[in-house]
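> Pasting the sequence and the predicted coordinates here, then a few questions.
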Amino acid sequence: MRSQKRWLRALYEPLAGVQTTKSCITIGDVHSDGDYKLILVDEKQPPPKMVLYFGLTPQTQTTLSDRPAAIVTFYSESGQSPCIAVASGNGILIYRNMKPFYRFAVPQEFLHPPEIHIWEAAKHNEQMSVETLKEGLKECLKDVGMDCLTDITQQFMGQKSDSARQNLLERVRKGLEDLNFTNVRLTCMTTMKRNQQKPDGVDVLVAAAEMGGVYWVDTQAFTLLEKVKLKQAPDLISTLGLFDVEYRTFVVCREGDVVILKKSGKSGLTQHVFYLRNQPICMAYSVNQLVFSTRDHRLMFYSIRGKCLNEIQLESPIHDIETFHYEPRQYKGVLVAIQNEIRLYVEMFLVDVVKVDEAVSWLRFGKLGREEGVLLFGTASGGLYAKIFRRTATLEERAHVLGPPAAQNQKLNVPRRTKAFIDQSLRERDNPQRLHKIYQRDLFMLKYNTVKTFAALQSGETGLLPSRDVEPIDFNVELLGFGPIFKVIVNVAGNKELPSARRVITFIFDRNEYTIKNNMIILPDVLPIGVRMKFSTHITCLYPEKQATSELKVLMIREKWKQPIFSSTVTLPVSEPDIN
């Protein structure tokens, strides 16, 4: 592919030494002079700095107090210069002309009153020890869970030693550590137009928080327009449409779910959730399609309603994807960064490849300076590069890809008809109905066996249920006894270090014929490595005189997981009569 004729290398700074993330990069006409500039947050040295570039040369920088989750440019008034919004902590910082202008504080979630009282007492009462504060916060943890506790509590409980907790408490008492009671931490942010789909139309800020809150913020009065609470933790966010007319908000969550929030006219906000087979890492929107890149090197195309259209398996890990929209020629597609190259897909077909000397870490495509189509990308070593899409460039190779393959024009070497072929043709001609019935029977049996096998997999008869991330745990079940009381022993052993989580063993059986002593066995939150643990319970046959057999299904489930980790089925034999 002739990528060198389509792209012009305009600017490059291989020694820029920039360390940033995709969400902390934006392009905007911040001076309202038609000259679009690159704005990014450089995290090379603390504290992080927001830098405005002229070309690829730093021009202005502003120091930020905390590490931001995302930055975007937006218009608060039509025709005016845009502002910069920085999502940091529990608020959105507004910058105009690279200077602080306003701070919008996101409304707090439910705060546990005893937790606040404990911290107030610890701050003003120097006689309170670290152990007393720790025990009080542990009680709050039991009441509401870690997710609902404030940031200062999570920071305190996350310290590795009591000396570190003592230092944190001393900083709070001396005023060196801000005692800010908040449990809202923004994770992603984007914008959407309010009522006009034009470049300088008024925007609405859309941000999402760690605890599942999604917020729509008015950029004129800086008030909350809409709020919705999700059960999942948002990671990526994208929007489509106008806020006052009809819009969709797409939220990619850490659990692998994609939530579609839709609002049309005066109707309420509706939610639709669909699940990707593997964890998505990037998201882009192109030509009424959602494009996701996953950890198993797949490029997945979905409709805006959540229907899978196509998927492409790539040979290398995908570092980033970006929407490609060249307005002068109405070219629309998606740019994909893998290893040492950048690929351009238009309508799911590969039409261009740009070779790069280093591994690409992020992509941005849009206006830069006064050029319409500029591809900005950063490398793993911190370099900055800019390539311009030539105004005379075309993507006509797509027509050859979409058309019939060249192999169709080649003449096939068809062999002569053999006697076996002629006999088979005569047989089919003389017995069309019989052959049709045989074909329909074989087709039905194929469908039947396929559905039967799939049902067996779903019901867990194979022992292991398919899941997106099976934990490395040895799990087996033993059944002892002749009846009517059977002893069930479950052996569990962790092969490697596992994250702390609530895991439970439960049982499914015919309750009309059997009864069990403990229907649920709670496992330790932390499983030792290589240590085999035994858990047991007793199941009793109620009517041994029936001489019937049944099945006992043993499941291991994990908190907040939709599917079991393991499933095993044990056959309960014919019970001996009760000798008592």
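Structure's in. What do you need?
> report the longest helix in the protein, please.
If you go by DSSP state H, the chain has its longest helix at helix 432-459.
> List the buried residues in the helix or strand that that helix is followed by.
Next in sequence after helix 432-459, counting helices and strands by DSSP states H and E, comes strand 473-480. Applying a neighbour-count criterion of 16 or more other CB atoms under 10 Å, one finds 473, 475, 477 buried in strand 473-480. Bear in mind the C-beta positions are built from the backbone N, C-alpha and C, glycine included.
> cool, and stretch 190-203?
190-194, 202-203.
> how far does it stretch from start to finish?
10 Å (CA to CA, to the nearest Å).
> With distance to residue 215 and pLDDT as extra columns, can I get the buried residues of strand 473-480 in CSV?
Output for the buried residues of strand 473-480, formatted as CSV (distance: CB to CB, whole Å; pLDDT from 0 to 100):
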residue, distance to residue 215, pLDDT
473, 39, 80
475, 42, 82
477, 47, 87
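> part of a helix, is residue 427?
Yes. Assessed by DSSP: H, G, I helix; E, B strand; the rest coil, residue 427 belongs to a helix.
> Quick check: closest non-adjacent residue to residue 482.
Using CB to CB, 6 or more residues apart in numbering and skipping residues adjacent in sequence, the residue nearest residue 482 is residue 576, 4.4 Å away.
> Pretty sure the one you found sits against residue 541.
No. Residue 576 is beyond contact range of residue 541, at 9.1 Å (criterion: CB atoms under 8 Å).
> Which of those two has more residues huddled nearby?
For residue 576 versus residue 541, the count of surrounding residues by other CB atoms under 10 Å is larger for residue 541: 23 against 14.
> Identify the residues contacting that one.
By CB atoms under 8 Å, 6 or more residues apart in numbering, residue 541 lies in contact with 483-486, 513-514, 572, 575.
> What distance do you get for residue 29 to residue 217?
Using CB to CB, to the nearest Å, residue 29 is found at 21 Å from residue 217.
> Apologies, that question was intended for residue 190.
11 Å.
> joint contacts of these two?
residue 206.
> Which pLDDT value belongs to the closest residue to residue 492 other than its chain neighbours?
Nearest in space to residue 492, with sequence neighbours left out and distances taken as CB to CB, 6+ apart, is residue 533 at 5.2 Å. On the pLDDT scale, residue 533 is placed at 86.
> pretty sure residue 533 is touching residue 489, no?
No. Counting by CB under 8 Å, residue 533 does not reach residue 489; the two are 10.8 Å apart.
> okay, now the domains of the protein?
113-173, 473-572 (automatic domain parsing).
> Of those domains, which is nearest residue 267?
Closest approach to residue 267 among the domains of the chain is made by domain 473-572 (28.5 Å; CB to CB).
> Tell me which stretches of the stretch 301-450 of the chain form strands.
Applying DSSP state E, counting those that start in this stretch to the stretch 301-450 of the chain gives strands spanning 308-313, 318-326, 331-338, 341-346, 349-355, 360-368, 371-379, 384-389.
> try the stretch 151-300 of the chain
With strands called from DSSP E, counting those that start in this stretch, the stretch 151-300 of the chain shows them at 186-193, 203-209, 213-218, 224-229, 234-242, 246-253, 257-264, 270-275, 280-285, 289-294, 298-303.
> Low-confidence stretches in the stretch 401-550 of the chain?
Scanning the stretch 401-550 of the chain for pLDDT under 70 picks out 401-409, 457-470.
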